[in-house]
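Participant: Sequence first, then the predicted structure:
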Amino acid sequence: MTKQAEATPPMPAIAAAAPQIAAERRPVTASPPNTTLPVPAIKLQQVEPRSSRRRWLVIIGLPLLVAIAGIAWWGTHRTASVQYVTQPLSRGAITRLVTATGTVNPVLTIIVGSYVSGVIQELSCDYNTKVKKGQVCAKLDPRPYQSVVNQDQANLDVATAQLEKDKAVARYTQINFERNRQLATRNYVSQDIADTARSANEQARAQVTLDGATIDLRRAELGAATVNLGYTNIVSPVDGTVVSRNITVGQTVAATFQTPTLFLIASDLTKMQVDTNVSESDIGSVSESDKAHFSVDAFPGRVFEASVVQVRQSPQTVQNVVTYDVVVAVDNADLALKPGMTASTQIVTDERADVLRVPDQALRYAPPGTAAVKAGAARIWVLRDGGPVEVTVATGLDDDSMTELVSGDVKAGDLVITTEIRAATAAALPAPKL
């Protein structure tokens, strides 16, 4: 009994320990509000991450949106600065030109050919040879033509001898006819004999006439043969300079269907001309006696003064492009210009001296938003007090770069606006500060 009592505690002790055990088994939620247990902290940790992200999004995103909106508003409301490109009005000459390309040629170029065929036997003229009128430049083999001359001369001699013979016959028949006519009147011979004598006399006189015509024919043939013989000497028809030679000694010249060109002789190289091709759009403003000037590649720094001497009416059409030949004469006393040179020619069709000039670009300029000018009117914009001022003007001659001002409220030295440069800037509106 004593051991059992020691092993089993008494009931009052158990009852006293029961409240403490119950307290230890009480759920966490039943703890008082001021308890230090970490249960409430566990509940806050489950809610805090989502609310923190929202709070940071609001803190960072709202200013960023405001900055973006400010930048966009500043970009759309900023102003653009304008810089005007100007050029002062000036006084000077305005010249309207027609530009054309041509070839330098002698004023008169003689083509020396051959009327007869043959072999070149002699050659006495070469390139740049100065020749006189009638000077022999080449000689064909004359033997074939000399034989023809000799033959025709012989035929002429035969015809002349035949004429003398027939004249003698005619004199005899005339005497015989007179004799028989007298005998017939006395009835010593029959009338038939008298008639036969008269017929023979008439035939003899006709033969004399025929012989005379034959002599004329033979003489003409001899003359033609002599002319052909003379053509074997190739002579210069004018005083000048040989600019081209197309034959050599021993060469056969055939003049059967077309006259061959043997020499080209320029009559006077101190007088040259430029054959220019002017387009049909410019030919209406070109007239004789217009001043002109041109340059050639051989003398790039030299300008040759010339004048228009002829505007030819014959058109030249190449690939549907119509041009007209305008002849420009030039003095070539120093023989600097050579035949065949290419000349860049400018023909002066109109000019003004000491006039007020404005650049063509200024006549085309207008500030943005300005109404278009009426047809036939002209205006320019002058820079005054830092801004453009419209001025109505009347224009005159135009040379495609400058235009004459006939009237208008402008003077030399005024700055006319030719164009403007607009550059975006923030000078008028400062950029937003973030």
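Facilitator: Alright, I've got the coordinates.
Participant: in a strand, that's where T392 is, yeah?
Facilitator: Yes: the assignment for T392 is a strand, going by DSSP: H, G, I helix; E, B strand; the rest coil.
Participant: And the pLDDT for it?
Facilitator: Looking at T392, its pLDDT stands at 91.
Participant: show me what contacts it?
Facilitator: Taking CB atoms under 8 Å, 6 or more residues apart in numbering as the criterion, T392 is in contact with 377-379, 408. Every C-beta, even on glycine, is put in place using the N, C-alpha and C of the backbone.
Participant: likewise A255?
Facilitator: If you count contacts by CB under 8 Å, 6+ apart, A255 has them with 113-117.
Participant: Show me what the longest helix seen in the chain is packed up against.
Facilitator: Scanning the chain for the helix with the most residues, using DSSP state H, yields helix 143-185. Packed against helix 143-185, as judged by 3 or more CB pairs under 8 Å, 6 or more residues apart in numbering; DSSP states H and E, are the following elements: helix 191-230.
Participant: one step back: just among the contacts of T392, which is most surrounded?
Facilitator: Using other CB atoms under 10 Å as the contact criterion, the top neighbour count among the contacts of T392 goes to G408, which has 19 neighbours.
Participant: That residue reaches V393, doesn't it?
Facilitator: Yes: the criterion here is CB atoms under 8 Å, and G408 meets it with V393 at 3.3 Å.
Participant: Can you check which residues contact both of the two?
Facilitator: For the pair G408 and V393, residues contacting each of them under the criterion CB under 8 Å, 6+ apart are I380.
Participant: re earlier: tilt between the longest helix of the chain and helix 191-230?
Facilitator: For the pair helix 143-185 and helix 191-230, the angle between their directions (axes from the mean of the first three to the mean of the last three CA atoms, to 10 degrees) equals 170 degrees.
Participant: tell me the mean pLDDT for helix 143-185?
Facilitator: Summarised as a single mean, pLDDT over helix 143-185 is 93.
Participant: Same question for stretch 312-321.
Facilitator: When pLDDT is averaged along stretch 312-321, the result is 91.
Participant: hang on, the earlier thing: format the contacts of A255 as a markdown table; extra columns: pLDDT and neighbour count.
Facilitator: Output for these, formatted as a markdown table (pLDDT from 0 to 100; neighbours: other CB atoms under 10 Å):
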| residue | pLDDT | neighbour count |
| --- | --- | --- |
| G113 | 93 | 14 |
| S114 | 93 | 20 |
| Y115 | 91 | 13 |
| V116 | 93 | 17 |
| S117 | 93 | 14 |
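Participant: okay, among those residues, which ones form the most distant pair?
Facilitator: Based on CB to CB, the longest span within the contacts of A255 runs between G113 and S117 and measures 11.4 Å.
Participant: how distant is stretch 248-267 from the center of its chain?
Facilitator: Once both centres are worked out by CA atoms, centre = their mean, to the nearest Å, stretch 248-267 turns out to sit 35 Å from its chain's centre.
Participant: Pull it out as PDB, backbone CA atoms only.
Facilitator: C-alpha atoms of stretch 248-267 as PDB (Å, rounded to 0.1, in the frame of the first residue of the first chain):
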ATOM      1  CA  THR A 248      50.400  59.600-154.100                       C
ATOM      2  CA  VAL A 249      52.700  59.100-157.000                       C
ATOM      3  CA  GLY A 250      51.700  55.900-159.000                       C
ATOM      4  CA  GLN A 251      48.100  55.900-157.700                       C
ATOM      5  CA  THR A 252      45.400  55.300-160.300                       C
ATOM      6  CA  VAL A 253      42.700  57.900-160.400                       C
ATOM      7  CA  ALA A 254      39.300  56.600-161.700                       C
ATOM      8  CA  ALA A 255      36.900  59.400-162.700                       C
ATOM      9  CA  THR A 256      34.400  57.200-164.500                       C
ATOM     10  CA  PHE A 257      31.300  57.700-162.300                       C
ATOM     11  CA  GLN A 258      32.400  60.200-159.600                       C
ATOM     12  CA  THR A 259      35.000  62.900-159.600                       C
ATOM     13  CA  PRO A 260      37.700  61.900-157.100                       C
ATOM     14  CA  THR A 261      38.900  64.400-154.500                       C
ATOM     15  CA  LEU A 262      42.700  65.000-154.900                       C
ATOM     16  CA  PHE A 263      43.300  68.100-152.900                       C
ATOM     17  CA  LEU A 264      41.500  70.500-150.500                       C
ATOM     18  CA  ILE A 265      42.800  74.000-150.800                       C
ATOM     19  CA  ALA A 266      41.700  76.800-148.400                       C
ATOM     20  CA  SER A 267      41.600  80.100-150.200                       C
END
